[in-house]
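1. A predicted structure for the sequence below; I have some questions about it.
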Amino acid sequence: MQLEATVTDDRWERLEQRIADIQSGIAEIRTIYETHSRAIERIERTLFGNGNAGLCTKVSAILWMSSAIAGFVAVLLAQAIARWIG
């Protein structure tokens, strides 16, 4: 009877150790998750602005302005070629 109790106690100790290992792993994962979550929030604020003009909006505005300038230059060039030919 004593031997069975010892085996059971050993099993309990191993189970408790495994549970402690799992709990420490979960704590590490939570720490990493919180850090990654904050980093993702920071990136989203930078890209989308969170109420301000974010990077995506600024890049889009620059593309619209450059396409407008390119269109204006194309019209000027077409007029210059038309006067030169005509």
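-> Yep, it's here.
2. And Trp12, what's its pLDDT?
-> pLDDT recorded at Trp12 is 88.
3. count of neighbours near Ile81?
-> As a burial measure, Ile81 scores 10 neighbours (other Cβ atoms under 10 Å). C-beta coordinates here come from the backbone N, C-alpha and C atoms, glycine included.
4. How about Gly86?
-> 5.
5. give me phi/psi at Asn50?
-> Main-chain torsions, Asn50, degrees, to the nearest 10: phi 50, psi 50.
6. Can you tell me the element the nearest residue to it once chain neighbours are set aside falls in?
-> Computed as Cβ to Cβ, 6 or more residues apart in numbering, the closest residue to Asn50 that is not its neighbour in sequence is Glu44, at 7.4 Å. For Glu44, the element it lies in under DSSP states H and E is helix 2-48.
7. quick one, domains of the chain?
-> 1-52, 53-86 (automatic domain parsing).
8. In terms of mean pLDDT, which of those domains ranks lowest?
-> Minimum mean pLDDT among these: domain 1-52, a mean of 87.
9. and that domain, how far from the chain's centre?
-> Taking Cα atoms, centre = their mean, to the nearest Å, one finds domain 1-52 lying 22 Å from the centre of the chain it belongs to.
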